[in-house]
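Asks: With the sequence up front, the predicted model follows.
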Amino acid sequence: MSKRRRDITAHELEALHRRLEKMLERAGLETMPQVAVRLLELSANPDAQVRDYAEAVKTDWALTGRILRLANSAFFSQRQPVTRLDRALIVLGIERTKAICLGFYLSRSASLSGVRETSRKVWGQSIYRASLCAALAKVQCPGLVPEAFIVGLMLDCGQPLMVRLMGAEYEGMLRANPSPSKLYAAEFDHLPYTHVDAVTVLARRWKFPPMLARPIAWHHTLPPVGNTTDPVVVLQRLAYYVGAIQLDEASNQPSHKAPLTTIADKLFEIGPSELEGVVRAANREYAQTSTLFSDVGEPMGDVEAVADAVQSQLVEIMDEQLERTVRAESRGGPERLRICGTDIEVEPARDGEVIAYISSADGERLVSCTVNPNKETPESVGRLLGLEEATPGDLFELMRVIQGMAA
């Protein structure tokens, strides 16, 4: 008889994951398609050109068709039909293309033979978890919004894999435990492995970078609290909160306006009213995405609709980031300052706000906060960025840069 997951030691865990990967291979789990692998390689190459991306994408006819369809949509308002893939990639932009491709492969993986009913339910809810994760990231860590969306999207995708491996036994456990925390506890106490183990193997098999893989793998592990600049910890906090919320089966949304307020306050130091605003923003984004596919009948019920929904959401996220980049470049790039030995970058956001980043010596952005210069003072901005030891003159200069960037 196999050990229950709770009895497996940390030393034995790697062997469990190797066995689980072999089981998933026999069950038909694919590796990340070569197209996606090639795109990840290109993204790491600063000299990659549009034609390189076109050469990679054209080998997948389904993805090519989807990109051409999106480039010809009203969203991009092209005067002439876009008929060539290289032209479509220029219309969409490289960053958006990479996001769309990843979303396509993630969502297509939901179409597992024999477990489509579970896939429909899980991936419908996954779109909402991704929306909420992104909405919360916009408040907590604007520089990590795309990563937060992907993390939220992946939290529960191990559940259809569990149904594939265990069949009716796991389906019964899903029905009996609608609460994510209770489901994970039941898996941990009674099964030889959990859906977290399944998604951990999937992320490793798809070569996810640690910044994505670790928060996904640890989303039922209580994260550390307190100030941090570690993006893995920040994303784990988002994943822990979003992954613990029980969603209504009919609407795929929380039953409460401000769910799990105690956890939100502990992890993010936000009160019920602010949390309610974040949830409303996530509900709106999810509703807008669902409206695009009202002809499907069951919200997010069709895997093709889920694929389109993922891409639409990613397009919106990438557009927001691209808009911010363009606005920064139009001003000659972000403003940089050094205060109390801390490197700070300031760039414009939306609606008269700016984003201030604390950067490492090599330019890596470590932590960020959104600042509305009409609502903040030099002193409050200093507190937001942890610059309590800065002189009034330094804070005044920082505020002057922020006001100029927001103008």
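Replies: Thanks, I have the structure now.
Asks: so what's the nearest residue to Gln140 once chain neighbours are set aside up against?
Replies: Nearest residue to Gln140, sequence neighbours excluded (CB to CB, 6 or more residues apart in numbering): Phe268, at 5.7 Å. The way it works is simple: take the backbone N, C-alpha and C, and place the C-beta from them, glycine included. Residues in contact with Phe268 (CB atoms under 8 Å, 6 or more residues apart in numbering) are 136, 139-140, 237, 241.
Asks: Which one of those is nearest to Asp47?
Replies: Nearest to Asp47 among the contacts of Phe268, counting by CB to CB, is Gln140 at 34.4 Å.
Asks: Quick check: that closest one vs Ala264, distance?
Replies: 10 Å (CB to CB, to the nearest Å).
Asks: Wait, His219 touches Val196, no?
Replies: Yes: if you go by CB atoms under 8 Å, His219 and Val196 touch, sitting 7.1 Å apart.
Asks: between these two, which one's more packed in?
Replies: Set His219 next to Val196 and count neighbours by other CB atoms under 10 Å: His219 wins out with 28 against 22.
Asks: Let me see the contact set for that one.
Replies: 151, 155, 196, 236, 239-240, 243.
Asks: just Val151 next, same as before
Replies: So Val151 contacts 133, 212, 215-216, 219, 235, 238-239 (CB under 8 Å, 6+ apart).
Asks: Restricted to buried residues, select those residues in ChimeraX.
Replies: Selection of buried members from the contacts of Val151 for ChimeraX, criterion 16 or more other CB atoms under 10 Å:
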select :133,212,215,216,219,235,238,239
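Asks: out of the contacts of Val151, which are inside helices?
Replies: 133, 212, 215-216, 235, 238-239 (DSSP state H).
Asks: Dump those to CSV, plus pLDDT.
Replies: Compiled in CSV, those are given as follows (pLDDT from 0 to 100):
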residue, pLDDT
Cys133, 91
Leu212, 82
Pro215, 94
Ile216, 92
Leu235, 94
Leu238, 96
Ala239, 96
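Asks: What is the nearest of those residues to Ile358?
Replies: Scanning the ones in helices among the contacts of Val151 for proximity to Ile358, where the rule is CB to CB, the winner is Leu235, at 17.0 Å.
Asks: In contact with that closest one, which residues are there?
Replies: Contacts of Leu235 by CB under 8 Å, 6+ apart are 144, 147-148, 151, 211-212, 214-215.
Asks: which sections of the stretch 251-400 of the chain are below the confidence cut-off?
Replies: Where the stretch 251-400 of the chain drops to pLDDT under 70, the residues are 285, 287-333, 350-351, 360-368.
Asks: which residues in it form helices?
Replies: Secondary structure of the stretch 251-400 of the chain (DSSP state H, counting those that start in this stretch): helices at 261-268, 272-291, 303-330, 378-384, 392-406.
Asks: among the contacts of Phe268, which are in strands?
Replies: Per DSSP state E, strands hold no members of the contacts of Phe268.
Asks: okay, the residue nearest the centre of the chain: pLDDT?
Replies: For the chain, the residue sitting closest to the mean C-alpha position, by CA atoms, centre = their mean, is Phe149 at 1.8 Å. On the pLDDT scale, Phe149 is placed at 77.
Asks: these two touch, right, it and Ala130?
Replies: Yes: Phe149 sits in contact with Ala130 when judged by CB under 8 Å, with a separation of 4.9 Å.
Asks: Val242: neighbouring residues, count only.
Replies: Other residues close to Val242 by other CB under 10 Å number 27.
Asks: typed the wrong thing, it's Arg338
Replies: For Arg338, using other CB under 10 Å, the count is 10.
Asks: when you give positions from now on, start the count at 28
Replies: New numbering, starting at 28: the last item is Arg365.
Asks: gap between the residue nearest to Tyr211 when sequence neighbours are not counted and Leu163?
Replies: Counting by CB to CB, 6+ apart, the nearest residue to Tyr211 once its immediate chain neighbours are dropped is His247, at 4.7 Å. Distance of His247 to Leu163, computed by CB to CB: 17 Å.
Asks: So between these two, which is more surrounded?
Replies: Leu163 (26 against 20).
Asks: pLDDT score for that one?
Replies: 94.
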